[in-house]
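Peer 1: sharing a model that was predicted from the sequence below.
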Amino acid sequence: MKRNLLITLLGACTLAAACKGPEASLPVTYANPVLHLDYSDPDVCRVGEDFYMTASSFNCFPGLPILHSKDLVHWEEIGAALTDYDEAFHTSVQHGNGVWAPSIRYHDGWYYIYVGDPDRGIFMVRTQDPSGRWEPPVWVVRARGFIDPCPLWDEDGRAYLSHALAGSRAGLKSVVLVAPMQADGTSLTGPSRIVYDGHLTQPTIEGTKFYKRNGYYYIFAPAGGVSTGWQTVLRSRSPFGPFEEKVVMASAPGTINGPHQGAWVDAPDGSEWFLHFQDKGAYGRIVHLQPLSWRSDDWPLIGEEPDGDGIGQPVSDYIINIPRHPSPREGNKKGRYPRGERGVAEIQSDLCAGNGRNALSSEGIGLFFSPPDERASARSGSLGTWQYPAVPEAKWQMELPDGGLRLYSVEQESRSLWECRNVVQRKFPAERFTVQAKLQFHPNPQLRERGETAGFVVTGDDYAGLFVEDRADGLMLTYRVCEKAGKGGEEQMMPLEALSSGTFWVKLEVRPRATETPVPDAVCRFCWSRDGKRWEKVPQTFTARPEMWIGAKFGFFCNRYARKNDSGWLDVTDLRVKPEYAPLEGFVYDEADVPSYTLPDALTFENGRKVKTVKQWEKRRKELLSLFEEEMYGTAPERPADERFEVVSEDAAALGGKALRREVKVHLGGGEYLTLLLYEPVGSKKPLKTFLGVNFFGNHTICEDPGIGLPDSLRYRSSFTLDARGSQAHRWPLDTILSRGYAVATFCCEDISPDSEWECDKRVKRLYPGYTWGSLAAWTWGLSRAMDYLETCPEVGPVAVFGHSRMGKAALWAAAKDRRFAMYISDASGCGGAAISRRRYGETLRRINTHFPHWFTGRFHFYSGNEDLLPFDQHEALALIAPRPLYLESASEDRWSDPHGEFLGLCGAAPVYRLYGLDILTEEEEPAVEQPVSRGPSGYHIREGKHQILLYDWLQFLDFADKNL
């Protein structure tokens, strides 16, 4: 698409921004999620040009957050509708209880929010000013188990209320109910009746949203469970049914998990949208925005429809034409959208006003596109997304003049923070972020005997953090972890330092770590400092866990364990929150937006001399290998001198007698090893052609074979367990591969280098501290070590190295460096793999180096945004494989991996292959979808679908290998 101005929003976007002039009405390309914050069960209404959102708050207060937007993409939190509640929420932490799945509506001059409490019933709050005070709750119906209500005022003046049932309280679930309601919305005029039963086709249907359109009553309701479900719509000509059903949006491989529960809303320009959440584990339930359209049969379609079945799939990005306006609080002075290079807007925001309003205040929580180290107020009067896990008491805190917060120690019966009501907490604002603060602990000496403690923590089902305790011998700083806190788990303590003063600084760094699901772990590292400049790191990391229905949070507390007539306190000042988002650059998904570029000539030496013979190419090849090592991958060590092989298990009748299975430890020195899993087909002609690749989640995940052990390298990963056995079998169709006479060998990347910025130097890389290699080079090194073993197996013949996605990038470098690999097969390797980097299409060097800084050597980061300065490009990496065969795969919807750029990378290697008298594919031969092509030692196909590896791909790989391996 041709754009005059493109504003790309990556991750959470909560910006109090303003636009002036004609640019304010230009299209915006946004990226999901639009809010990378835990706003569970979002609901939205529009009044004029203003959108208002609320969300579940469960046991946290202030409750029922109110967010405002002019464009559905930029949001700011402007208040909360619930500041007080039932007595139980004053005296204890009611984990998972309280405020469930609200609906917000505007009717007859009033804003209404209807909320279900599974233990008490359904209540309503209302106001005429959504940013102001809301009236106290009115109980519409008191009934245990009634949840997820939504009102509907009909054209004839009648009113109705839809809702669902919580099975844990009502003893029944998967049904939808409707009741008649007073026109003023304060009570029901009749009993609820079940109007739909979803047990057979829509299990766990809940989260009702009630609408009317074209004579139909529609109930939007998710089903199938929070993390894996789908979005269903019911419709009827009567509010009491009977209702028809249709699934209107579901996830697909390569998309988000369980697109779930949200709001249909129209925009002033007539476009229609659906906001929903994604359950992202420790990061909470984050908010996505989908286009909504209506089919000719009056059923809605949410997202994009790839195959005509009427079931949409979530979009990762989309164009929205809603004009942006100044925020009602910030006016025109707070933000600007200046024009950037190549038509890409660079958004800046002055969020730190002199009055202390800033990134964490309820008056403008604009964390996105904020200046680095955004100062953040911790004052209770501007809590914004700061919450307590219970109704707070006035005696817990005091605002400080400098924007800080004083927390007074609160008496506790238990030392577990799971039961602590006075932890002031903040939602995780991004996948990657840093929090820093200055703490000043002033204990009361009278409390020393029993203890007085303060600290900085990450909370959830597990919690961890930095604790300072006043002891008889002085102040002691400790690091504490409590696993399974909700089940009575005990704290484990690590002493860190005796403090000479109560003043110190704390820092939290959070980074994502991939799991076998679409949801990454949130890995936390705590640091402390005496002066705010020189930092000490806690030697172990902590993996955050979600709590019941909510994500993990970070926060502060101050506690005591004795009853006295006064307390000590903790001052929290200089608080800074720095989310790290993907770089501010436009998504290039249209060939018209690809910048002009010139590819380096693979057959030209650095000194300008031309390569004309294979002998000269051998010298040029060494020059290119050196350049790639220095500027991109880093230099890996040689084969270990003490490498040895140990067969740890063997089964000659595995997989029902179809294969021999062997597990081999390739010992690499220093106590490190990789566990190679090898399957050989029984009865096939030898030597066996073999596929070798790196797996991502453990050998046990590629097959349900119970004989495969759990690799030692994964035992510290709670998310990588034996429960995942066979979970990745769809990527490794062993029956098909073995039936064609091929062997398969694999090992887990974790054996060599964990795919984590903080943990990548564990395992093998710790043995070679002087090397600058990135994780891709380390995995490549592991492939060569696996090849060392395969060479000792007389039954193993030529080996094709292959990989999907990031492992395709690693396999490319392995084939380029190690000529023992007889073939390279790439499945969607994208940027840094087979795709041309200079195209800056989809995934880019900047995005890779931002999200995965450990993949490549540090020097490679210089080329983020400076692709034209690269002394090479990926066509030359592919050329290093010549004259050996190579095959590339792409997918039609995998724009992130740049299918056309991958094909161009393959074609760009042609001059080198011609030196060997070999012709490979040319640009003119780029095929249509699912029309595989090959020429000489090259092959390519583009499959219908997304970023994944399917049986169809393997069938093409096998056909190509039959002829070329």
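Peer 2: Okay, I see it.
Peer 1: quick one: the strands in the stretch 1-150 of the chain, in order.
Peer 2: Along the stretch 1-150 of the chain, counting by DSSP state E, counting those that start in this stretch, strands occupy 8-9, 28-31, 43-47, 50-54, 63-69, 76-82, 100-107, 110-117, 121-127, 138-141, 146-153.
Peer 1: dump the C-alpha coordinates for the fourth one into CSV.
Peer 2: C-alpha atoms of strand 50-54 as CSV (Å, rounded to 0.1, in the frame of the first residue of the first chain):
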residue,chain,number,x,y,z
ASP,A,50,-14.8,9.5,22.2
PHE,A,51,-14.2,5.9,23.0
TYR,A,52,-14.3,4.7,26.6
MET,A,53,-13.0,1.3,27.9
THR,A,54,-13.2,-0.6,31.1
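Peer 1: who are the packing partners of that strand?
Peer 2: Here strand 50-54 touches strand 43-47, strand 63-69, strand 100-107, going by 3 or more Cβ pairs under 8 Å, 6 or more residues apart in numbering; DSSP states H and E. Any C-beta I mention is one placed from the backbone N, CA and C, and that applies to glycine too.
Peer 1: so E759 sits against T541, correct?
Peer 2: Yes. Between E759 and T541 there is a contact under Cβ atoms under 8 Å: 7.4 Å.
Peer 1: chain center to stretch 554-564: distance?
Peer 2: Mean-position distance between stretch 554-564 and its chain equals 33 Å (Cα atoms, centre = their mean, to the nearest Å).
Peer 1: buried ones in that stretch?
Peer 2: By neighbour count on 16 or more other Cβ atoms under 10 Å, the buried set for stretch 554-564 is F554, G555, F556, F557, C558, N559, R560, Y561.
Peer 1: quick one on the thing from earlier: columns mean neighbour count and distance to P600 on top of the strands of the stretch 1-150 of the chain, output as JSON lines?
Peer 2: As requested, the strands of the stretch 1-150 of the chain are exported to JSON lines (neighbours: other Cβ atoms under 10 Å; distance: least, Cβ to Cβ, whole Å):
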{"stretch": "strand 8-9", "mean neighbour count": "22", "distance to P600": "29"}
{"stretch": "strand 28-31", "mean neighbour count": "21", "distance to P600": "31"}
{"stretch": "strand 43-47", "mean neighbour count": "20", "distance to P600": "50"}
{"stretch": "strand 50-54", "mean neighbour count": "23", "distance to P600": "49"}
{"stretch": "strand 63-69", "mean neighbour count": "24", "distance to P600": "46"}
{"stretch": "strand 76-82", "mean neighbour count": "23", "distance to P600": "47"}
{"stretch": "strand 100-107", "mean neighbour count": "23", "distance to P600": "56"}
{"stretch": "strand 110-117", "mean neighbour count": "24", "distance to P600": "60"}
{"stretch": "strand 121-127", "mean neighbour count": "21", "distance to P600": "63"}
{"stretch": "strand 138-141", "mean neighbour count": "18", "distance to P600": "70"}
{"stretch": "strand 146-153", "mean neighbour count": "25", "distance to P600": "59"}
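Peer 1: so which of those strands comes closest to F210?
Peer 2: Nearest to F210 among those is strand 146-153 (4.0 Å), distances taken as Cβ to Cβ.
Peer 1: ok so, going back, may I see the strands of the stretch 1-150 of the chain organised as CSV, with mean pLDDT and distance to A250 added?
Peer 2: Output for the strands of the stretch 1-150 of the chain, formatted as CSV (pLDDT from 0 to 100; distance: least, Cβ to Cβ, whole Å):
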stretch, mean pLDDT, distance to A250
strand 8-9, 35, 24
strand 28-31, 78, 21
strand 43-47, 98, 21
strand 50-54, 97, 24
strand 63-69, 95, 26
strand 76-82, 93, 30
strand 100-107, 98, 20
strand 110-117, 98, 25
strand 121-127, 98, 29
strand 138-141, 98, 33
strand 146-153, 98, 20
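Peer 1: so what's P130 up against?
Peer 2: Counting by Cβ atoms under 8 Å, 6 or more residues apart in numbering, P130 makes contact with Y52, I66, H68, I78, G79, Y111.
Peer 1: separation between it and L477?
Peer 2: 44 Å (Cβ to Cβ, to the nearest Å).
Peer 1: let me know whether F504 touches C527 as I believe.
Peer 2: No. Using Cβ under 8 Å, F504 is not in contact with C527; the gap is 10.8 Å.
Peer 1: let me have the helices and strands packed on strand 50-54 in a markdown table, extended by distance to V287.
Peer 2: Shown next, in a markdown table, are the helices and strands packed on strand 50-54 (distance: least, Cβ to Cβ, whole Å):
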| stretch | distance to V287 |
| --- | --- |
| strand 43-47 | 10 |
| strand 63-69 | 9 |
| strand 100-107 | 14 |
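Peer 1: surely V933 and I942 touch.
Peer 2: No. Counting by Cβ under 8 Å, V933 stays clear of I942, with 9.7 Å between them.
Peer 1: overlap of the contact sets of those two?
Peer 2: The contact lists of V933 and I942 share P927, where a contact means Cβ under 8 Å, 6+ apart.
Peer 1: quick one, which of the two is more surrounded?
Peer 2: I942 (23 against 15; other Cβ atoms under 10 Å).
Peer 1: domain map for the protein?
Peer 2: Segmentation of the chain into domains, based on automatic domain parsing, reads 8-342, 393-580, 600-964.
Peer 1: switch those domains over to JSON lines; also include distance to V594.
Peer 2: Shown next, in JSON lines, are those (distance: least, Cβ to Cβ, whole Å):
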{"stretch": "domain 8-342", "distance to V594": "10"}
{"stretch": "domain 393-580", "distance to V594": "27"}
{"stretch": "domain 600-964", "distance to V594": "5"}
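Peer 1: got the residue ranges for the helices in the chain?
Peer 2: 88-91, 167-170, 614-628, 654-657, 734-739, 775-790, 806-817, 845-851, 874-879, 899-908, 910-915, 951-964 (DSSP state H).
Peer 1: for the ones you listed, which one sits closest to A641?
Peer 2: helix 775-790 (12.1 Å).
Peer 1: packing partners for that closest one?
Peer 2: Using 3+ Cβ pairs under 8 Å, 6+ apart, helix 775-790 sits against strand 659-669, strand 672-681, strand 688-695, strand 743-748, strand 796-804, helix 806-817.
Peer 1: V287: which of these is closest?
Peer 2: helix 806-817 (27.5 Å).
Peer 1: can you give me the buried ones in the closest one?
Peer 2: Quick answer for helix 806-817 (16+ other Cβ under 10 Å): R806, M807, G808, K809, A810, A811, L812, W813, A814, A815, A816, K817.
Peer 1: list the contacts of that helix.
Peer 2: Counting by Cβ under 8 Å, 6+ apart, 625, 628, 633, 693-696, 749, 755, 776-777, 779-780, 783-784, 801-803, 821, 823-830, 832-834, 852, 855, 874, 877-878, 880-881, 884, 886 sit against helix 806-817.
Peer 1: ok and that helix relative to strand 796-804, angle-wise?
Peer 2: Angle between the axes of helix 806-817 and strand 796-804 is 130 degrees (criterion: axes from the mean of the first three to the mean of the last three Cα atoms, to 10 degrees).
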